[in-house]
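Participant: dropping a prediction and its sequence here:
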Amino acid sequence: MLPTEALRSRLIARLSAGLFVALCADTTAQAIPLTSLERTCELIGERLGSVGVRQCLDSGLQIGGGASVSGLPLLYRDYAATSQREPPKRVLMIGGIHGDELSSISVVFKWMDRLEHSRFQPFHWRVAPCTNPDGLLLQPSTRVNARGVDLNRNFPSADWERAALTYWTRRTGSDPRRYPGPSALSEPETRWLVDQIEAFQPDAIVSVHAPYGVLDFDGPQEPPERFGYLHLHQLGTYPGSLGNYAGVNRGLPVITLELPHAGIMPTAQQWQRIWADMLTWLDERLTDPAPIYLRLDADPWNGSPPDDADGRADFGASALNLLPRQAAPQ
Ligand SMILES: [Zn+2]
């Protein structure tokens, strides 16, 4: 599988050693240096044009008890509800499960900042902005993790055993960008995410991707029609995807935000509108009754993709935006 062992070794070599830990759930457990939070933020900040090292360090992220294949800690932060309703509903938000979708990480940092400064928000959030740090930090960034596994095909959906590898070979032509792994939950990053779902017991999950420019939804509920300039376009489910596992099998609403560009951030107006619409929808669906302050004016807003000066490049040439869109999103 790609990337090769050599790439993985180079990545490990770039990481300065912190604690030495065994990746405990890995049957081939070996001592891997766990990169420090500070070094991880340095690397993330150096890679992402829209997230500074200081911003990452000041964001309150903590090491979440799991690590990537190459020993990068999987970071998260909880935000308590700031309104009075009890008990608050819980929302798990994740970014960057595909490491080459840089905007999906940067925008989660923007929304973390909103949560940090929000005076009225009714949910208990758990936010993990960078769930495939190896993929992000490989040069160039990769969709898959350091063992070449598409983490969003590695969840233990009910059809994994029957369909995941067959789907991969027959429907994707054994596309190395979509390899589901040798077995469900073979990857430490996927195991950590499932552990978060088990421990946090979210009432909804938000997963941010790029570059298809749509809103996707899995779960038994009626889907939202649009968040900001992202309109509903249900893309179907795949063996081992988060939407299949958590939405179809576990019955949780799984919101998949597909930003339109992997390497260019939405404008502030665009990401703020997505956020406001999403909060409104969550509040209407997860709580009863919805508070009046969140019933926002539903004026249509005709945003256009950030192909102009407002779009901030996340890396120099924004080369990913020049690539043809792939057949299978998420
Ligand atoms: Zn994706």
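Facilitator: Everything's here; your move.
Participant: now do the contacts for Asp150.
Facilitator: Residues in contact with Asp150 (C-beta atoms under 8 Å, 6 or more residues apart in numbering) are His98, Arg143, Val144, Arg177, Arg178, Tyr179, Pro180, Gly181, Gly240. From N, CA and C alone the C-beta is placed, and that goes for glycine too.
Participant: tell me the spacing between the residue nearest to the first one when sequence neighbours are not counted and Met265.
Facilitator: With C-beta to C-beta, 6 or more residues apart in numbering as the measure, Arg143 is the residue that lies nearest to His98, at 4.5 Å, once sequence neighbours are left out. In this view, Arg143 and Met265 are 19 Å apart by C-beta to C-beta, to the nearest Å.
Participant: do the same with Leu279
Facilitator: Counting by C-beta to C-beta - Leu279 and Met265 are separated by 20 Å.
Participant: how about Ala276?
Facilitator: 17 Å.
Participant: in the longest helix anywhere in the chain, which residues are buried?
Facilitator: Looking across the chain with DSSP state H, the single longest helix is helix 268-286. For helix 268-286, burial by neighbour count (16 or more other C-beta atoms under 10 Å) applies to 270-271, 273-283, 285-286.
Participant: give me phi/psi at the residue nearest the centre of the chain?
Facilitator: Centre of the chain computed as the mean C-alpha position; nearest residue by C-alpha atoms, centre = their mean is Gly95, 2.2 Å away. Note on Gly95: its backbone torsions stand at phi -120, psi 160 [degrees, to the nearest 10].
Participant: the residue nearest to it when sequence neighbours are not counted in helix, strand or coil?
Facilitator: Spatial nearest neighbour of Gly95, excluding adjacent residues (C-beta to C-beta, 6+ apart): Val108 at 3.5 Å. Under DSSP: H, G, I helix; E, B strand; the rest coil, Val108 falls in the helix class.
Participant: so what pLDDT did Val108 get?
Facilitator: In this model, Val108 is scored at 98, pLDDT.
Participant: ok, the closest residue in space to Ser104 that isn't next to it in sequence - contacts?
Facilitator: Setting aside the residues directly before and after it, Ser104 is nearest to Val208 in space (C-beta to C-beta, 6+ apart), at 4.1 Å. Val208 is in contact with Met93, Ile94, Gly95, Gly96, Glu101, Ser104, Ile105, Val107, Val108, Thr256, Leu257, Leu259, counting by C-beta under 8 Å, 6+ apart.
Participant: just give the nearest non-adjacent residue to the first one, would you?
Facilitator: Among residues not flanking Met93 along the chain, Val206 sits closest, at 4.3 Å (C-beta to C-beta, 6+ apart).
Participant: equivalent analysis for the fifth one, please.
Facilitator: Residue nearest to Glu101 in three dimensions, not counting chain neighbours: Ala210, with 4.3 Å by C-beta to C-beta, 6+ apart.
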